[in-house]
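1. I'll drop the sequence and a predicted model, then ask my questions.
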Amino acid sequence: MNKTSSHELPAWLWLWLVPVLLIVQLIVRAISPEFANTHFSGELGIVENITVVILIPAIFLSLYLVANRRYLPARWMPFWYGMLGLACLYFAGEEASWGQHWFGWETPEGFKALNDQGETNFHNMSSWLDQKPRLIVELSAIIGGVILPIIRKRRGIVYPEGSWQALFWPTWICLPVSLFIGLIKLPDRLIGGQNIPYPFNLRVSETQEAYVAMAFFLYFASVAIRVYRQKKG
């Protein structure tokens, strides 16, 4: 069995490509601080837009899984993947303020009065729509994407092919991106962002969001490739 089939996806996608986003930012910030400040950060920055770009195929992969629900081992699984797909749609829409960042319309007065950044989105209206969901995602990545795969590996647990457990739980390929999600804010929390020297004091929230988008994509792609292989017999 080759590495691609044993890990569902090629290693360059789930292992080697994952750190590139962080490494490129650090290199560009070290070489050209002005370019990095202009083009990487902010609502129209590269990192913010990469997040939306990654979420688009993730949404289509969730639709693929729902459309091929007869190949899923449990009746509730299409609803699970559909719910996550809707979460990705919401995530992408909120990141782009539902198109406001690209098309530049004025924020409706109702949103402006409630939104602490005056934008057309919901996550800047309440911590229940921003910080708390972010914390849930972090914990889910650490537990489901890091701790459980390691436990299964150490105990030699292998779910039967085609079982709901095999398709529901993140596999080993989600571990690298989950590590980045769980650890990227750790320096800020331990010593404070103001104490981190340049070029390492980047806006980690934006980068973390991009890694969350990657995690959704890799999770869906992992399941979709196995469903596709099952279809082909």
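-> That came in fine, so what should we check first? Residues are numbered from 1 along each chain as shown.

2. Need the residues that contact the strand or helix carrying Trp80.
-> According to DSSP states H and E, Trp80 maps onto helix 77-95. By Cβ atoms under 8 Å, 6 or more residues apart in numbering, the residues outside helix 77-95 that reach it are 48, 51-52, 55-56, 58-59, 61-63, 65-66, 69, 72, 121-123, 164, 167-168, 209, 212-213, 216, 219-220, 223. C-beta: built from backbone N, CA, C; applies to glycine.

3. Pass me the low-pLDDT residue ranges in the protein, would you?
-> 1-7 (pLDDT under 70).

4. For it, which segments count as helices?
-> In the chain, the helices defined using DSSP state H lie at 3-6, 11, 20-31, 33-39, 46-67, 77-95, 100-103, 109-114, 131-140, 148-155, 164-168, 175-183, 186-191, 204-232.

5. Can you lay out those as a markdown table showing distance to Pro197 and mean neighbour count?
-> Below are the helices of the chain laid out as a markdown table (distance: least, Cβ to Cβ, whole Å; neighbours: other Cβ atoms under 10 Å):
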| stretch | distance to Pro197 | mean neighbour count |
| --- | --- | --- |
| helix 3-6 | 38 | 11 |
| helix 11 | 32 | 13 |
| helix 20-31 | 11 | 14 |
| helix 33-39 | 13 | 13 |
| helix 46-67 | 20 | 19 |
| helix 77-95 | 28 | 18 |
| helix 100-103 | 30 | 14 |
| helix 109-114 | 37 | 12 |
| helix 131-140 | 24 | 14 |
| helix 148-155 | 32 | 13 |
| helix 164-168 | 42 | 17 |
| helix 175-183 | 18 | 22 |
| helix 186-191 | 11 | 11 |
| helix 204-232 | 14 | 20 |
